[in-house]
Structure formats: C-alpha cells, structure tokens
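**Student:** Just need the structure, nothing else, for what follows:
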Amino acid sequence: MDTSFNIRKALISDAERIYQLSTICNELDVHTPYTYWVVLELFPNHCFVLEADGEIVGFITSIISGNTLFLWQMGVLPEFRRHKYGRDLLERAVDSVPPHFDLKITIDPSNNVSHSLFQSFAEKHNYTFECVREINDDLDESFIRNENVYVLKRR
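**Tutor:** Numbers count the residues shown, from 1 in each chain. Modelled structure (predicted):
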C-alpha cells in the first residue's frame with residue numbers, strides 16, 4: 001500500500017508534535033513547546049504540516065512582519081527527505097501571502113541543503129536571493145550564532 005501525503009494548515013494542537021520534530025531534526029534550534037504554540041496561535045494561516053498517512057512528518061512555521069514573511073523553521077523527518085517535501089512546504093507557506101511580500105530567512109552557512117533549497121526556489125519563482133547580514137551583526141560578541149540573514153524579493 002502506498003503512503004498518502006498531505007499538506008495542511010497547522011493547528012494549535014500540532015504544537016507538541018512540531019516541538020518533537022524539532023528535536024529530531026538536528027539542524028534546527030529546539031524551542032519550548034510554548035514557543036511553537038505562540039507561533040501557531042498568532043500566525044495560523046502561515047504555518048503548515050506535512051502528513052504521511054495522517055502522521056505529521058514535517059512542518060514549516062512562518063511569521064508575518066509588515067510585508068515580509070519570515071520563514072522561521074522548517075523540518076522534515078530524515079526518512080522523508082529527498083522527496084521535495086521541503087520545497088512543497090515552502091511553496092505552501094509562500095502562497096499564504098500576497099505576491100508583493102518579501103521573504104526573509106536565516107541559514108547556517110554550513111547548511112548546504114537549506115541554502116540550495118532556497119536558492120533554487122528563488123530561481124524557479126523569480127526572486128532575488130541576497131545575504132544581507134550575519135545575525136552576529138545585530139548582537140554583541142558574547143552571543144555567538146553563525147547564521148546569515150537572506151532576503152528574497154520578487155523581480
């Protein structure tokens with residue numbers, strides 16, 4: 001029997017499972033279950049989950065600020081990677097805002113998979129893909145975080 005996949009809007013009741021997935025997806029910073037609940041509570045139209053036979057196996061969470069969609073976290077269980085589900089989740093989140101919105105993301109420079117995903121998305125959908133600064137540019141030297149901030153704008 002083939003596995004049935006579905007992407008749907010995340011529900012507040014999905015916060016705990018999203019938290020659990022963030023602990024499995026090693027590339028992600030793990031936040032408290034409450035943090036995931038807050039994002040789902042405040043931005044319900046911009047957060048999505050990927051289900052395989054009704055079980056959540058991936059997610060994307062996004063935050064709106066003005067005319068910018070900040071793509072906060074995205075994770076897919078390792079056994080479901082390399083099937084373009086991350087791209088599908090990304091497209092669903094971007095489709096949740098008007099076309100004039102900019103996109104903003106942060107990517108660890110060592111995360112080549114994430115960088116490639118967003119760069120290919122930008123090329124396919126006619127966005128610019130520009131690294132605008134490092135997170136450390138915004139913080140004092142005691143805070144060490146190696147991530148770059150990217151902005152994607154429609155051409």
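**Student:** tell me which strands and helices the least confident helix or strand in the chain by mean pLDDT is in contact with?
**Tutor:** Least confident element among the helices and strands of the chain, by mean pLDDT, DSSP states H and E: strand 130-134 (a mean of 88). In this structure, strand 130-134 makes packing contacts with strand 148-152, judged by 3 or more Cβ pairs under 8 Å, 6 or more residues apart in numbering; DSSP states H and E. From N, CA and C alone the C-beta is placed, and that goes for glycine too.
**Student:** Which other helices and strands does the strand it packs on contact?
**Tutor:** Short answer (3+ Cβ pairs under 8 Å, 6+ apart): strand 148-152 packs on strand 102-107, helix 112-124, strand 130-134.
**Student:** Adjacent strands (with direction) for the shortest one?
**Tutor:** The one in question is strand 130-134. strand 148-152 (antiparallel) (DSSP bridges).
**Student:** can you check the first one too?
**Tutor:** Within its sheet, and counting by DSSP bridges, strand 102-107 is paired with strand 68-76 (parallel), strand 148-152 (antiparallel).
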